[in-house]
Structure formats: structure tokens, C-alpha cells
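>>> Build me a model from this:
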Amino acid sequence: MLRTKLVILLAFIAASCLWACSSSKPKPYVLSDDQTYDGTLFRQNCAVCHGREGEGAVLPNGTVIPSLRDAHHKFNTRAEIFNQITHGGNGMTPFERQLTDKERRQLTDLVYFKLRGGK
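As a prediction, the model looks like this:
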């Protein structure tokens with residue numbers, strides 16, 4: 001009898017743990033917690049316009065800086081994002097002379113994978 005109750009209790013605990021793990025949403029990427037070189041690059045070069053967490057902003061003159069996390073993205077592929085970072089345009093400063101090719105690729109991957117989740 002005691003053994004049966006113990007088995008049922010352990011099964012209930014295991015099922016509860018599995019349910020809790022499967023129903024929890026993944027935590028969103030937090031740039032301010034990122035201590036990698038990629039995060040530092042973003043904070044030093046992108047956050048001034050795109051916001052501390054890439055959420056976008058509206059400048060005092062009314063210019064809308066797009067969110068890099070959600071909403072409609074004009075540049076969706078990694079190649080398009082890299083090209084935008086490199087050459088700028090549409091109000092964005094080009095970073096071809098400020099950042100190395102490797103740094104621009106790191107920022108591309110940060111935007112594509114970490115901020116957008118590979119979308």
C-alpha cells in the first residue's frame with residue numbers, strides 16, 4: 001500500500017515537472033544582459049537610434065526608427081540586414097567604414113537570430 005502511494009506520488013511529481021517545463025515560454029533575449037562582444041557592438045553603435053533593447057524609437061524631429069525585434073521588417077534576410085548595416089540608407093548611417101566586415105556580420109547575426117529569433 002505504501003509502495004503504491006509512493007509510486008503514484010512520484011508519477012504525479014514527474015508529470016507536474018514535465019507539464020511546467022513544456023508550458024513555459026522561452027525567455028526573450030535581453031540585450032542589456034548580454035556581455036558578449038556582439039552585445040557591446042550593438043550598444044555602442046545601434047542602441048542610440050534603435051533603443052537599448054532594439055525596440056525602436058521616435059526621434060524628437062518625428063523620425064520613426066524601426067524596431068529590430070517585431071513588426072514589419074523592410075530587411076528580412078541575413079544578406080539584406082548585412083547590406084543595410086554596411087551601406088545604410090533610408091535615414092540610417094552606413095557602417096562600412098566604422099565597423100569591420102566581421103563586426104557587421106556579428107551585428108547581422110545578433111539582429112537575425114537573437115532579436116528576431118531567426119525570422
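
>>> Okay, helices next: where are they in the chain?
Counting by DSSP state H, the chain has helices at residues 2-23, 37-45, 47-50, 78-87, 101-109.

>>> Can you point out the buried residues in the fourth one?
Residues of helix 78-87 classed as buried: 81-82, 84-86 (neighbour count, 16 or more other Cβ atoms under 10 Å). All C-beta atoms are positioned from the backbone trio N, CA, C, and that covers glycine.

>>> wait, which of those is closest to R43?
Compare each of the buried residues of helix 78-87 with R43 using Cβ to Cβ and the shortest gap goes to I85, at 15.0 Å.

>>> what's near enough to touch the closest one?
Taking Cβ atoms under 8 Å, 6 or more residues apart in numbering as the contact definition, I85 lies against 95, 99, 104, 107-108.

>>> what does C49 give?
57, 59, 65, 92.

>>> Report the beta-bridge partner residues of the first one.
Which is A57. Partner residues in beta bridges with A57: I65, with DSSP bridges as the criterion.

>>> how many other residues sit next to it?
Other residues within reach of A57, judged by other Cβ atoms under 10 Å, total 15.

>>> do you know how far it is from D38?
Summarising the geometry, the distance separating A57 from D38, computed by Cβ to Cβ, to the nearest Å, is 21 Å.

>>> Please apply the same query to the third one.
According to Cβ to Cβ, I65 and D38 sit 20 Å apart.

>>> So those two - more neighbours on which side?
Ranked by neighbour count (other Cβ under 10 Å), I65 and D38 place D38 first, with 20 against 17.

>>> Now do that one against A79, distance only.
Applying Cβ to Cβ, one obtains 18 Å for the distance of D38 from A79.

>>> cool, S67 as well?
As for S67, its distance to A79 is 20 Å (criterion: Cβ to Cβ).

>>> Need the contacts of I85 in JSON lines (columns: neighbour count and distance to H72).
Formatted as JSON lines, the entries for the contacts of I85 read as follows, by neighbours: other Cβ atoms under 10 Å; distance: Cβ to Cβ, whole Å:
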{"residue": "F95", "neighbour count": "19", "distance to H72": "23"}
{"residue": "L99", "neighbour count": "18", "distance to H72": "26"}
{"residue": "R104", "neighbour count": "21", "distance to H72": "23"}
{"residue": "L107", "neighbour count": "22", "distance to H72": "20"}
{"residue": "T108", "neighbour count": "22", "distance to H72": "19"}
